[in-house]
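>>> Next come a sequence and a model predicted from it.
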Amino acid sequence: MRLIDIVAMLNVEASTNEGKMIPRTTKVLEEFYGPDLAEKEYAILSHCWGIKKEGEQEVLFEDMKQLLIASDDERKEIRGRTGYKKIIATCRQAQKDGLEWVWIDTCCINKESSAELSEAINSMYKWYASAKLCYAYLHDVVGSFWKVREESKVTPKWFSRGWTLQELIAPKVVRFFDQKWECIGDKSKLAWFLSIITRIPGKVLTEGLEEAMSSVGDTKRPSVAQIMSWAADRITTREEDRAYSLLGLLGVHIPMLYGEGKNAFHRLQLEIIRTSNDQSIFAWGLERQFGWSSSILADDPNCFRDCGVVSALKPERFTGLLRIQGMPDDELTKSTQNRLRTFTVTNDGIHIWLPTATFGPLCQVTLPLKTHLVFRGSTRIFGIPKYPGKMEFKEHFLPYKDARYPSPFTFELQDQTLSHDGFIRDRVLPDGAEVNDDSVTLSSDIDFAAIGYFRRRDDTRFLVLLSYFSGVQPFALAILSPNDFKEVASLRVWALERLLIPNHVLSTNKHLIQHVHFPRSIQGARVIVIHRMLYHSPVGCTVKIDIAQCSGCCTYEERPTSHLVETRYIPDLMWNCLRGKLPQTCHLSRDYAGIPFSLFDSELKFKPEGNIIEFATALGLDPIEVDIRSIHRPKSGVVEASLTLAHPKHPILHYVALYDATSCSLPANRQVLSLLDALSSRLSGRLLVTTAIHCSDCRHCVPTLDSTSTRRSGLDLDSWQTLGVSTPLCSVMMPLPWRQIDSDAELMTMLLKIIDSFSVLVGWADKPDAPKRLRESATVEAAIQFFVDIFGGGDIRNFIGDIAFFNDLPQIMETENYTQPGTEVDKVTQHKIYLEAEK
């Protein structure tokens, strides 16, 4: 250890001021080791290094060596530095305190020697602990900081630096000085105040790290996680120093490798795991509500911010706790304590035995810290609450090498048409999730987002939940908005549980369509999830959100579908409603791959009802120009350049030969999309011809048993039949805004029985042959429950609105004289019900 001779240093300063020569035999710095060092009483300085850009400059080891032999100009430059003034002030203060030696990190370490630097960093905690006095210099404080802190809300820079953490804890005596070197307090008297600023327990500050009891009182030394939590939010100039500054506090030693970045903190954790059985090192991120990690190691001390009260339990106490929580005695064998005390570190991960409760694909492990972790495979998931379950000891492999190229996942939102129904996007949850250019990017840090939509006129809200997890196909769904948005974490847990269900439809389908019904309306939000795949892996996801008409007798719908069609020549996402209904379905060419073309000959009548372009003109929109282009001849061996061959999807169907074929398609632009949405109510349930093929002549082959060999045997077009139409092939779709939500079949079946059933219940119909079960249940409560069951919920109004008939249902059931169907009064009542339903 290299120390500054206080007398020599002050003599040099005095001689320089008086213009006297400095004896060349003067030694300002001297080195001591072993017993010689143990006998020395010295003061030590804790400070923040100056920033050169701000006019602050420190005096380094090389500068101190040059101080005695430098020229007058060079010596004057060194003495003018802020760092030199700190050295002189420290020496003078130490001399007042009766000390002869002082250590200052800026000039007592030769940082050009990697060996000396490594030794100093590994020994620094011990050096501070052995110091007689530690001076904490707060260069940005004037006067008593403790008295004015509540007013200014400004914390000195010294409390935010990484290295000053051990410099506060290790010395027995720490005195604080302001920028004028006036003493403003010491550690023992200000322990309560320092504890508030630093989150370090007061006992650690007053009694030291080894003697202080942890906050729980089960071990003598604070847990690794607790110590890490004190370092959270502290910063260092070099990223590696966030790890190196904790070596002494954690009692480990590792070599210095500047340039390795966050790997230094990983090496620190592995060394702790290798030399300790403190499992609190796995407990980082306990309060995180979102995200997941494929590594069991934390990236930096900030991950331990919420571990200030995490304390390790002794194996005996932990075993008793497991017995209380219901672990069978046969699991709590004599080897239990050995399993808890030891775990194996390999070149890729850690093998460890842990008490485990299994819930489907998830494993919930309990650590000897009164806390738990949740894993799916080897990936840790944050924010999952603890569930009671049967526990048993299982061996786990916890990797500490994170995914080499962890890629975020982007959801593209297509919600432009919601404005036609009065909806606006009003919120994005949680904090940290945001929509940029109609897209949401999720990652391992933020793996969930809830996009809120709101319609002011009837206060209708709904959420679209997005969830992403490594190795699982991403997930999106719509739900009715909760009244309290504080429970976002529970929404995330619910969405994540659905995402991780084994063999769920989400994991095997490219398209998924969902529907959620709005209360008291005949509308609902429809969400369509379209996955973009690359080599069978999802690389992106489009989430289309619109408002669909529904009967009011619908249930939550979530199902995969193969009816959705998307190509560059079709505007918007279309519903292939003719799929499986017309037998003559053809492929055309590469340019039109993915578009199903149906063959419309004289036997299949197709009656047009109007031209969508004329609707655009009537609505005052700009004219829409049809996209007309010649069809490229496919590479199928056809000789004639003017001939295009349409291939059937099945070998027993028609081949169609088209001469001079051209296509007429609607342009796939935003103008057409707006028009389709604007016409959704007027043309609900109608079909739309998106592409029609026109040709000068058309022939087709009649399906025969040997039609499969037509292509291989050549094209004998003379034997083919002339179709006799100039537009033989059309792509007929239903725009999604025009498609209504199908009524739930089971509910509709029950609804058809309501008239007869309710007539028997209230006595309107005399049916002695009614089922015995129905006659025996003819009570008021049964009638009301009957309606509730039909509409699938506890609140009828959520489905059918505020209709007078249902408001009066209890009174009707209690009335003795029922109005018989068909009377004048009954017709008036029915008319009122009809008007209410129309509203």
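Now that the structure is in, tell me what you want to look at.
>>> Which SSE is immediately downstream of the longest helix seen in the chain?
The longest helix of the chain (DSSP state H) is helix 114-130. Once the chain leaves helix 114-130, the next helix or strand it forms, by DSSP states H and E, is strand 133-137.
>>> The stretch 151-300 of the chain: strands as residue ranges?
Counting by DSSP state E, counting those that start in this stretch, one finds strands in the stretch 151-300 of the chain at the ranges 174-177, 183-186, 292-293.
>>> Pull out the buried residues from the longest helix of the chain.
By neighbour count on 16 or more other Cβ atoms under 10 Å, the buried set for helix 114-130 is 117-118, 120-122, 124-125, 127-130. Placement of C-beta: from N, CA and C, glycine included.
>>> which of these lies closest to residue 187?
Using Cβ to Cβ, residue 128 comes nearest to residue 187 of the buried residues of helix 114-130, at 12.1 Å.
>>> wait, isn't that closest one in contact with residue 44?
Yes: with contact defined as Cβ atoms under 8 Å, residue 128 counts as touching residue 44 (5.8 Å).
>>> Mutual contacts of these two, please.
134, 167, 171 (Cβ atoms under 8 Å, 6 or more residues apart in numbering).
>>> need the contact list for residue 684.
Contacts of residue 684 (Cβ under 8 Å, 6+ apart): 549, 738, 740.
>>> repeat for residue 282
296, 367, 373, 398.
>>> Throw the residues you listed into a markdown table and include neighbour count and secondary structure, thanks.
Output for the contacts of residue 282, formatted as a markdown table (neighbours: other Cβ atoms under 10 Å; DSSP: H, G, I helix; E, B strand; the rest coil):
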| residue | neighbour count | secondary structure |
| --- | --- | --- |
| 296 | 25 | coil |
| 367 | 22 | strand |
| 373 | 25 | strand |
| 398 | 21 | strand |
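>>> Next one: residue 828, what pLDDT does it get?
Residue 828 is assigned 44 on the pLDDT scale.
>>> For the spatially closest residue to residue 11 that is not a sequence neighbour, the count of nearby residues, please.
Spatial nearest neighbour of residue 11, chain neighbours left out: residue 26 (7.2 Å); criterion: Cβ to Cβ, 6 or more residues apart in numbering. Around residue 26 there are 14 other residues, counting by other Cβ atoms under 10 Å.
>>> Need the three-state assignment for residue 26.
coil (DSSP: H, G, I helix; E, B strand; the rest coil).
>>> Residue 511: which of the contacts of residue 282 is nearest?
residue 373 (35.6 Å).
>>> who does the closest one bridge with?
residue 365 (DSSP bridges).
>>> list the contacts for it?
Contacts for residue 373 (Cβ under 8 Å, 6+ apart) come out as 282-283, 364-365, 367, 380.
>>> How much space separates it from residue 366?
For residue 373, the distance to residue 366 equals 8 Å [Cβ to Cβ, to the nearest Å].
>>> Using JSON lines, lay out the shared contacts of residue 128 and residue 44 together with neighbour count, distance to residue 675 and pLDDT.
What follows is the shared contacts of residue 128 and residue 44, written out as JSON lines (neighbours: other Cβ atoms under 10 Å; distance: Cβ to Cβ, whole Å; pLDDT from 0 to 100):
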{"residue": "134", "neighbour count": "23", "distance to residue 675": "77", "pLDDT": "96"}
{"residue": "167", "neighbour count": "25", "distance to residue 675": "71", "pLDDT": "95"}
{"residue": "171", "neighbour count": "24", "distance to residue 675": "77", "pLDDT": "94"}
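>>> Serialize those residues to TSV and add fields for distance to residue 268.
Below are those laid out as TSV (distance: Cβ to Cβ, whole Å):
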residue	distance to residue 268
134	24
167	18
171	23
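>>> Looking at these, spot the one nearest residue 308.
Nearest member of these to residue 308, counting by Cβ to Cβ, is residue 167, at 20.0 Å.
>>> Would you mind putting the CA coordinates of stretch 42-58 into PDB?
Presented in PDB, the C-alpha positions along stretch 42-58 are these (Å, rounded to 0.1, in the frame of the first residue of the first chain):
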ATOM      1  CA  TYR A  42      -3.600   6.700   8.400                       C
ATOM      2  CA  ALA A  43      -6.500   8.800   7.100                       C
ATOM      3  CA  ILE A  44      -8.200   7.900   3.800                       C
ATOM      4  CA  LEU A  45     -10.100  10.200   1.500                       C
ATOM      5  CA  SER A  46     -13.500   9.400  -0.100                       C
ATOM      6  CA  HIS A  47     -14.400  11.700  -2.900                       C
ATOM      7  CA  CYS A  48     -15.800  12.000  -6.400                       C
ATOM      8  CA  TRP A  49     -13.200  12.300  -9.200                       C
ATOM      9  CA  GLY A  50     -13.200  15.600 -11.000                       C
ATOM     10  CA  ILE A  51     -14.500  15.900 -14.600                       C
ATOM     11  CA  LYS A  52     -12.000  17.400 -16.900                       C
ATOM     12  CA  LYS A  53     -14.700  18.900 -19.200                       C
ATOM     13  CA  GLU A  54     -15.900  20.900 -16.300                       C
ATOM     14  CA  GLY A  55     -12.500  22.300 -15.500                       C
ATOM     15  CA  GLU A  56     -11.700  19.700 -12.800                       C
ATOM     16  CA  GLN A  57      -8.500  17.700 -13.000                       C
ATOM     17  CA  GLU A  58      -7.000  15.200 -10.600                       C
END
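>>> contact partners of it?
Here stretch 42-58 has contacts from 3, 81-83, 86, 90, 93-94, 97, 99-107, 127-128, 131-137, 139, 157-158, 161, 164, 167-168, 171, 174, 237, using Cβ under 8 Å, 6+ apart.
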